[in-house]
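Engineer: prediction below, plus the sequence it came from.
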Amino acid sequence: MSSKLSFSHKIFINLIFLISKTWRIKVTGNFPKDGNGVIAFWHTFMLPCWKIFEKKGAYAVVSLSKDGEILSTLLEKMKFKLIRGSSSRNGKEVLDELVNFAEKGYLLITPDGPRGPIYEFKAGAAVTAYRTSKPLYLLGVKMHNYKSFPRAWDKFRFPLPFSKTEIFIDGPHFLNKELTREEVNIKIQEFQSKMRDLCDLS
């Protein structure tokens, strides 16, 4: 656990980790096999999405912010391997890392992170899938009991202890190497629309 965090932050992270063990998560759709796939989900719903890939040797993209430091520590407890950075900070280097690590295992990305705009599908996940020929999976989420944070840029939702969450996996989607840049951009807009439709945004 990172020494940069205060004692209270470390207690907070341990509490979230313990609560996560009580969540009842139902997954429907084609769960990606053998560590193969780029996995995309909105920042709002990230916690249960991280949870279903716990201890699967997955790679997670996390920002370099203070909030990112807290999330990184939680994900380390869940046995994720971390890629630190974002599209707004050392973005080219991070994209190169995404391509590299997508070849090694599951790669999990919040395409509207780390600061929004909310529910806007940035290019990183799709470009990584395109460059690696790996399948892209889109996750939709419906939480039944949660604490919401409407003032946060992502309107973050935290599943309450023992609450039920449904996760819908849409995919695999493949981006053919013969696609033009314009066609890839059209695909990105399609993915954005599909992920919005899959999630309970009310």
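Structural biologist: Perfect, I can see it now.
Engineer: Ala60 sits in which helix or strand?
Structural biologist: Secondary-structure element containing Ala60, defined by DSSP states H and E: strand 59-62.
Engineer: helix or strand right after that strand?
Structural biologist: Taking DSSP H and E as the definition, the helix or strand right after strand 59-62 is helix 66-77.
Engineer: hmm, who's touching that following helix?
Structural biologist: Contacts with helix 66-77, where a contact means Cβ atoms under 8 Å, 6 or more residues apart in numbering, come from 1-2, 4-5, 9-10, 12-14, 16-17, 50, 60, 62, 82, 84, 114. In short, each C-beta sits where N, CA and C put it, glycine included.
Engineer: for stretch 55-72, output the C-alpha coordinates as CSV.
Structural biologist: Below are the C-alpha coordinates for stretch 55-72, written out as CSV (Å, rounded to 0.1, in the frame of the first residue of the first chain):
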residue,chain,number,x,y,z
LYS,A,55,-7.3,-11.7,-9.1
LYS,A,56,-7.4,-12.3,-12.8
GLY,A,57,-4.0,-10.8,-13.6
ALA,A,58,-5.7,-7.8,-15.3
TYR,A,59,-4.1,-4.5,-16.1
ALA,A,60,-5.8,-1.3,-15.0
VAL,A,61,-5.4,2.3,-16.3
VAL,A,62,-5.4,4.8,-13.4
SER,A,63,-4.8,8.5,-13.4
LEU,A,64,-1.8,10.2,-11.7
SER,A,65,-4.1,12.3,-9.5
LYS,A,66,-4.6,12.0,-5.7
ASP,A,67,-7.8,10.2,-6.3
GLY,A,68,-5.9,7.9,-8.7
GLU,A,69,-3.4,7.2,-5.9
ILE,A,70,-6.3,6.0,-3.7
LEU,A,71,-7.8,3.9,-6.4
SER,A,72,-4.4,2.4,-7.3
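Engineer: that stretch - what's its average pLDDT?
Structural biologist: This predicted structure assigns stretch 55-72 an average pLDDT of 83.
Engineer: and the pLDDT at the residue of the chain most remote from its centre?
Structural biologist: Outermost residue of the chain with respect to the C-alpha centroid, by Cα atoms, centre = their mean, is Glu178; its distance is 27.0 Å. According to the predicted model, the pLDDT of Glu178 comes to 91.
Engineer: mind checking the SS state of it?
Structural biologist: Secondary structure of Glu178, reduced to three states by DSSP: H, G, I helix; E, B strand; the rest coil: coil.
Engineer: is Asn30 in contact with Phe168, as I believe?
Structural biologist: No. Applying Cβ atoms under 8 Å as the test, Asn30 and Phe168 come out as separate, 10.5 Å apart.
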